[in-house]
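Student: Predicted model follows, preceded by the sequence.
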Amino acid sequence: MTKPMTKTQLLAALADAMGSDKKTAGAALDAIAAVVAREVAAGGAVTLPGLGKVVCRARPERLVRNPATGEQVTKAADKQVKFAIAKSLKDSVNA
């Protein structure tokens, strides 16, 4: 297995694919991340074509166990961010 791509490597590859410089690619990547974060935090979902879908799901209050003491405690309701991989990406990886 290879090492994961770093942000610097991603920006270089993105700039090359866009035919632009790294500063512009970085601004584009930061803008996409900000839009996705804002939309998901508001309870919406964002589909990234060819990659997948980012959604926020509410989790109800539930009982959890403290692993150190074994004590049952109630965990408050919270939200969880989920990412569902697009079928086209799965198919390209498994081809």
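Tutor: Alright, I've got the coordinates.

Student: which residues of the protein fall in helices?
Tutor: Assigned by DSSP state H, the chain shows helices spanning 7-18, 22-41, 87-94.

Student: who wins for proximity to Thr47 among those helices?
Tutor: helix 22-41 (10.2 Å; Cβ to Cβ). Where you see a C-beta, it was placed from the backbone N, CA and C, and this is true even at glycine.

Student: which non-adjacent residue is nearest Val35?
Tutor: Among residues not flanking Val35 along the chain, Val46 sits closest, at 7.4 Å (Cβ to Cβ, 6 or more residues apart in numbering).

Student: beta partners of that neighbour?
Tutor: Val54 (DSSP bridges).

Student: can you pull the contacts of it?
Tutor: Contact partners of Val46, counting by Cβ atoms under 8 Å, 6 or more residues apart in numbering, are 35-36, 39-40, 53-54.

Student: Run a quick neighbour tally on the closest residue in space to Met5 that isn't next to it in sequence.
Tutor: Using Cβ to Cβ, 6+ apart and skipping residues adjacent in sequence, the residue nearest Met5 is Ala13, 7.5 Å away. By other Cβ atoms under 10 Å, 12 other residues sit near Ala13.

Student: before we move on, what about Ala25?
Tutor: Around Ala25 there are 19 residues (other Cβ under 10 Å).

Student: ok, it touching Gln9?
Tutor: No - counting by Cβ atoms under 8 Å, Ala25 sits too far from Gln9 to count as a contact (11.4 Å).
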